[in-house]
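[1] model this:
(3 chains)
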Amino acid sequence: MKIKLPYVPERTEKPRSTGVTMVMDKGLSLGQAKDMIEASGHLIDYVKLGFGTSYITPNLREKIELYRNNNITPYLGGTFFEAFVVRGMFEEYKSLLKDLDIRMAEVSDGSIKLQTTQKCKYISNLAKDFEVWSEVGSKEAGILISPNKWVNMMTTELEAGAGKVIAEARESGTVGIYRPNGTAHSVLINKIIAKVNKDSILWEAPIKSQQVYFIKLFGCDVNLGNIAPEEVIPLETLRLGLRGDTFFEYLPKDLKEKFVQQNDV
Amino acid sequence: MKIKLPYVPERTEKPRSTGVTMVMDKGLSLGQAKDMIEASGHLIDYVKLGFGTSYITPNLREKIELYRNNNITPYLGGTFFEAFVVRGMFEEYKSLLKDLDIRMAEVSDGSIKLQTTQKCKYISNLAKDFEVWSEVGSKEAGILISPNKWVNMMTTELEAGAGKVIAEARESGTVGIYRPNGTAHSVLINKIIAKVNKDSILWEAPIKSQQVYFIKLFGCDVNLGNIAPEEVIPLETLRLGLRGDTFFEYLPKDLKEKFVQQNDV
Amino acid sequence: MKIKLPYVPERTEKPRSTGVTMVMDKGLSLGQAKDMIEASGHLIDYVKLGFGTSYITPNLREKIELYRNNNITPYLGGTFFEAFVVRGMFEEYKSLLKDLDIRMAEVSDGSIKLQTTQKCKYISNLAKDFEVWSEVGSKEAGILISPNKWVNMMTTELEAGAGKVIAEARESGTVGIYRPNGTAHSVLINKIIAKVNKDSILWEAPIKSQQVYFIKLFGCDVNLGNIAPEEVIPLETLRLGLRGDTFFEYLPKDLKEKFVQQNDV
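    Numbers count the residues shown, from 1 in each chain, chains lettered A, B, ... in the order given. All right, here's what the predicted structure looks like:
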């Protein structure tokens, strides 16, 4: 668009390490992936080929190449890493990534139990050859992790070689940093960011209210993930204050006072 | 289909002013827009390029042309109008519409506070050059508007030059004429239609139960909006009584009595 | 994928009568149907052209041919059958199926009341020329059917010529075998399978938690239906134990004990 609106924040531009958007691909066809790229590829930094979908999608190599040719980094979901680890096939997993020309790896323990030392060994081992993201938090709704443990795990895993840590929310946005109804655990999140650099964290935020929560807390350049393909452009409008939920986020105080609605009508 | 079923109501045909369907486009690619048109373009009257998505979609001019070439009227979401107004850039907004060859404008105060006189000035100003729709109702869940005020606003804005007034529901269908859980405010709606011509109102109804509610209240040719692209054909089956929810709507009394299920099994 | 993981169950292969996946097509364009086939056609056995959508989709014959050319059996939703029956046009319905080269028919009484003897007459009549599936259960949330009646209807309709019986859940997954909140009626389901061969039943399971429920109860080769097009690949990962929800389903006991998370962190 030729017109530039004032008070719309400047966003970081690709390639970037803050303000990234990670999309969840649950099995897009090549045609659907091309559609997504045409409409919003300039806004997408990473595409996660979710959980074990890579095992059965027929178009895997072409899709990986398509994403990379459009400056989007594709990688395999952490559950697939765990499926290899639980079977004692970590070396086969590394070979698979190389064979597929995947250059980034997610290390997670969302489904399986891993000792932190063991998890960090996987991180540092993979970090020799790959960009590594490490996911913290269980996929199980009943599993509680104390804020201190969240902080310790994130810190330790970043030191072990993870470029970013991912705060687990699942595709549904109902575990980890969120309650079963999808609202954010504010106390937990505030305790985390008191100790861990927020730019080193990517928050899984599949639901709009969660995206709004993090944009209001951290600003437009917060790292957000598990975004559905059709929600990339709507998310970007939230980041820019061009949707109702964040409309006043970047406007100066006098305009807010003049235009904010109050219940006196 | 060659077979014509009796008791399926005759629908108005495009171009029409009643029975219209307005679709919310949140950032479709050109390919996706073509898919939608191929499957259901004959059923779509208007496409709203939702909130500020126009600001960042790369394919805007082509998409606008594509819609118009298929007898669908594209227009920009009211939140984008408000984003210009709050910045004191109303004239720039008009220039933008002309530059984009957009021929319809939405005037709204869903996010910002506007005095009715001010809102009507925008309506009558735009009505000189554009078809104007005016949206009534706040996007804020906590903002309450009395039925009398709904009626007054709608009446005044129609007189100011709006071709239709839109009853706000958001993409989520949880504010304005709906409760937070998405059910309709029946008392409010009945008070509105006692005073305002129902054909001058377009009801935002993104959720199926809301579409069913209005079809049962007003018949197949009610004006409905904020329909998701993949819900256009399902909505048309609801209008025609070809889905469970409205199955008996147009059948004669004797068939209803013979075939309606009762809890005596 | 060249790598084969141990403990991933062998699935039946198309054409098959158990482990089938039925997809709900609510009005896909030809392009969208091609996308779905490219990504997941090898996993889809049946496509239901949902409720009365066939009456208004412009691409019906081409889509039917497209599905069949890819070894997917298309058929028309039961509500459309009921729309003909309620109008006394059963013969016209049969002619329509033949004209469209549809080779399978669904008989249902989800919206209308049919005596079992009458329903079975439709089944046996259609079974002369078509593969027939018969759906059991009301679309109405308030209609209660006793477990004995479920069993009797299923048994009688299978004897009348139905190849499978379908347990109703609607597109929303909130009636029939499910409660309004979408959870499964376990007692009802267990009483059904005590008397009816589970391979003769297809469970409508549009929601992930419902798919997980049936996979855990019956294994990877349970028959599931009303799957959304974009959920075919995610469902297959659930069947194979490659998603968090079913991750430990097929692993040997020692691996489960070693890796299952417990709330002792």
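[2] Looking at the stretch 1-150 of chain A, which residue is nearest chain C?
    A:Gly52 (2.5 Å; C-beta to the nearest C-beta). Placement of C-beta: from N, CA and C, glycine included.
[3] I figured that residue hits A:Glu82, correct?
    No: under the criterion of C-beta atoms under 8 Å, A:Gly52 is not in contact with A:Glu82, lying 9.5 Å apart.
[4] just to revisit the earlier point, mind pulling the model confidence for the residue lying closest to the residue of the stretch 1-150 of chain A closest to chain C once chain neighbours are set aside?
    Among residues not flanking A:Gly52 along the chain, C:Leu242 sits closest, at 2.5 Å (C-beta to C-beta, 6 or more residues apart in numbering or on different chains). C:Leu242 is assigned a predicted lDDT (pLDDT) of 98.
[5] now A:Ile44
    98.
[6] neighbours around it, how many?
    Residues near A:Ile44, counting by other C-beta atoms under 10 Å in any protein chain shown, number 23.
[7] if we can go back for a sec, distance check, the residue of the stretch 1-150 of chain A closest to chain C against chain B.
    For A:Gly52, the distance to chain B (C-beta to the nearest C-beta, to the nearest Å) stands at 26 Å.
[8] where's the residue nearest to A:Gly52, which helix or strand?
    Counting by DSSP states H and E, no helix or strand carries C:Leu242.
[9] How are the strands of the stretch 101-250 of chain A distributed by residue range?
    Applying DSSP state E, counting those that start in this stretch to the stretch 101-250 of chain A gives strands spanning A:104-108, A:131-136, A:164-167, A:201-204, A:224-227.
[10] Just send those back as TSV, with mean pLDDT, distance to chain C and mean neighbour count too.
    Converted to TSV, the strands of the stretch 101-250 of chain A look like this (pLDDT from 0 to 100; distance: least, C-beta to the nearest C-beta, whole Å; neighbours: other C-beta atoms under 10 Å in any protein chain shown):
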stretch	mean pLDDT	distance to chain C	mean neighbour count
strand A:104-108	98	10	24
strand A:131-136	97	12	25
strand A:164-167	96	14	26
strand A:201-204	96	13	24
strand A:224-227	97	13	24
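[11] Next up, the contacts around the residue nearest the centre of chain A.
    Centroid-nearest residue in chain A, with C-alpha atoms, centre = their mean: A:Gly225, separated by 2.3 Å. Shown in contact with A:Gly225 (C-beta atoms under 8 Å, 6 or more residues apart in numbering or on different chains): A:Thr21, A:Met22, A:Met24, A:Tyr46, A:Lys48, A:Ile166, A:Leu202, A:Trp203, A:Glu204, A:Ala205.
[12] mind running it again at 6 Å?
    Contact analysis of A:Gly225 by C-beta atoms under 6 Å, 6 or more residues apart in numbering or on different chains lists A:Met22, A:Leu202, A:Glu204.
[13] Which residues does the host helix or strand of A:Ser95 contact?
    In this assignment (DSSP H and E), A:Ser95 forms part of helix A:90-100. Residues from elsewhere that reach helix A:90-100, judged by C-beta under 6 Å, 6+ apart: A:Ile64, A:Phe84, C:Ile3.
[14] Could you list the contact residues of the stretch 101-250 of chain A toward chain B?
    Selection of the stretch 101-250 of chain A residues close to chain B by C-beta under 6 Å from any C-beta of the partner chain yields A:Ile233, A:Pro234, A:Glu236, A:Thr237, A:Leu242, A:Arg243, A:Gly244, A:Phe247.
[15] of all these, which two lie farthest apart?
    A:Ile233 and A:Phe247 (16.6 Å; C-beta to C-beta).
[16] one step back: can I get the contacts of helix A:90-100 in TSV with distance to chain B?
    Output for the contacts of helix A:90-100, formatted as TSV (distance: C-beta to the nearest C-beta, whole Å):
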residue	distance to chain B
A:Ile64	20
A:Phe84	35
C:Ile3	33
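[17] Write the ChimeraX selection for whichever of those are buried.
    Listed next is the ChimeraX selection for buried residues among those, using 16 or more other C-beta atoms under 10 Å in any protein chain shown:
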select /A:64,84
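[18] List the ones among the contacts of helix A:90-100 that fall in helices.
    Among those, DSSP state H puts A:Ile64, A:Phe84 in helices.
[19] on that earlier part again, out of the contacts of A:Gly225, flag the one nearest to A:Asp221.
    Nearest member of the contacts of A:Gly225 to A:Asp221, counting by C-beta to C-beta, is A:Leu202, at 12.0 Å.
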